[in-house]
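Enquirer: Just a sequence and a predicted model for now, questions to come.
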Amino acid sequence: MRKLAGLLTLLLFCIAPAIAQDAAQDTTQSTTQDKGQVKRPKPAPYTPKVEISGAFTHGSFYAPSGLTFGMNGWDGSFDYNLRSWLGVDAEVLGTYYDQGINGKTTIYNALVGPQLYPFKHHKFTPFGHVLIGAGHYNLAFPPLSPFPASSVTHTALAWDVGGGLDIYVWKNLGIRALQLDYDKASFFSGNASRAGYRVTVGIVYRFGGR
C-alpha cells in the first residue's frame with residue numbers, strides 16, 4: 001500500500017500544472033472584437049450544490065483468527081457544498097468476503113464529515129475529507145449438519161481520513177479516478193477490525209449551483 005500512496009502523490013504532482021491551467025482558464029478568456037483583441041473576466045468557476053458518487057471499493061480486514069484478507073464492495077457518497085472549497089460529505093459503504101463454511105464476513109460503514117476542495121471545482125478536482133460514524137460487522141455461518149445457520153454481529157465507532165481526484169469529462173458527470181482512504185472500525189475490543197488502506201474508483205454526478 002505504500003506504493004499505492006506514492007502513486008497517488010505522483011499523480012497529484014503530475015496533474016498540478018493542468019489544475020493551474022484550468023483555474024486560469026476559468027478566470028479569463030480572450031475575445032476578438034472589431035478593434036482588436038481584449039480580455040474580459042469569465043463567470044466564477046462552477047460550484048455544484050450537490051455531488052453524488054457511486055464506486056467500487058477494496059480494503060483490508062483483520063480477522064479475530066489473526067488472518068488478514070482483502071474485502072471488495074461498493075461505496076456511495078452524498079456531498080453538499082457549503083462553499084466552493086468546503087462541503088459536508090456523507091458516505092456509506094459495504095464490503096464482503098466469503099470463506100464458505102468458515103463464514104461470510106460483511107462490514108457496513110456509515111460516515112459523515114467535512115470535505116475540502118483546495119483548488120475549488122474545476123475539470124481536475126482533488127479533495128480531502130475526515131469522516132466519523134459507525135461500522136457494523138457481521139460474520140454469518142451457513143448451516144452445517146447438525147448445526148443450524150448462525151451469525152456474530154457487532155457495531156463500533158468508525159473513522160476515515162483520505163482524499164482523491166475527480167476528473168469531469170462533462171460539466172455534470174465525472175470519473176472518480178482514484179480515492180485513497182485510511183479507515184478503522186474496531187470490533188470486539190479490537191480483536192477484529194476493519195483497518196488499513198482502502199482504494200475506491202467510480203463515477204460522480206453533480207448538479208445545482210452556487
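Expert: Perfect, I can see it now.
Enquirer: which residues touch residue 135?
Expert: 107, 108, 109, 155, 156, 157, 158, 185, 187, 194 (C-beta atoms under 8 Å, 6 or more residues apart in numbering). Where C-beta positions appear, they are placed from N, C-alpha and C, glycine not excepted.
Enquirer: If you could redo that for residue 138, that was the one I meant.
Expert: 105, 106, 107, 151, 152, 153.
Enquirer: Check for me that it belongs to a strand.
Expert: Yes. According to DSSP: H, G, I helix; E, B strand; the rest coil, residue 138 belongs to a strand.
Enquirer: Tell me which stretches of the protein form helices.
Expert: With DSSP state H as the criterion, the chain has helices at 2-27.
Enquirer: coming back round to it: going by neighbour count, which of the contacts of residue 138 comes out on top?
Expert: residue 107 (24 neighbours; other C-beta atoms under 10 Å).
Enquirer: Could you give the bridge partners of that one?
Expert: residue 95, residue 137 (DSSP bridges).
Enquirer: Surely it touches residue 136?
Expert: Yes. Between residue 107 and residue 136 there is a contact at 6.9 Å, judged by C-beta atoms under 8 Å.
Enquirer: Which parts of this protein are strands?
Expert: Counting by DSSP state E, the chain has strands at residues 28-33, 36-41, 50-62, 68-81, 86-98, 104-116, 124-141, 150-168, 173-187, 192-207.
Enquirer: tell me the angle of the fifth one relative to strand 68-81?
Expert: In this case it means strand 86-98. Strand 86-98 and strand 68-81 meet at an angle of 150 degrees, taking axes from the mean of the first three to the mean of the last three C-alpha atoms, to 10 degrees as the criterion.
Enquirer: List the buried residues for strand 86-98?
Expert: Neighbour-count burial for strand 86-98, counted by 16 or more other C-beta atoms under 10 Å, picks out 87, 89, 90, 91, 93, 94, 95, 97.
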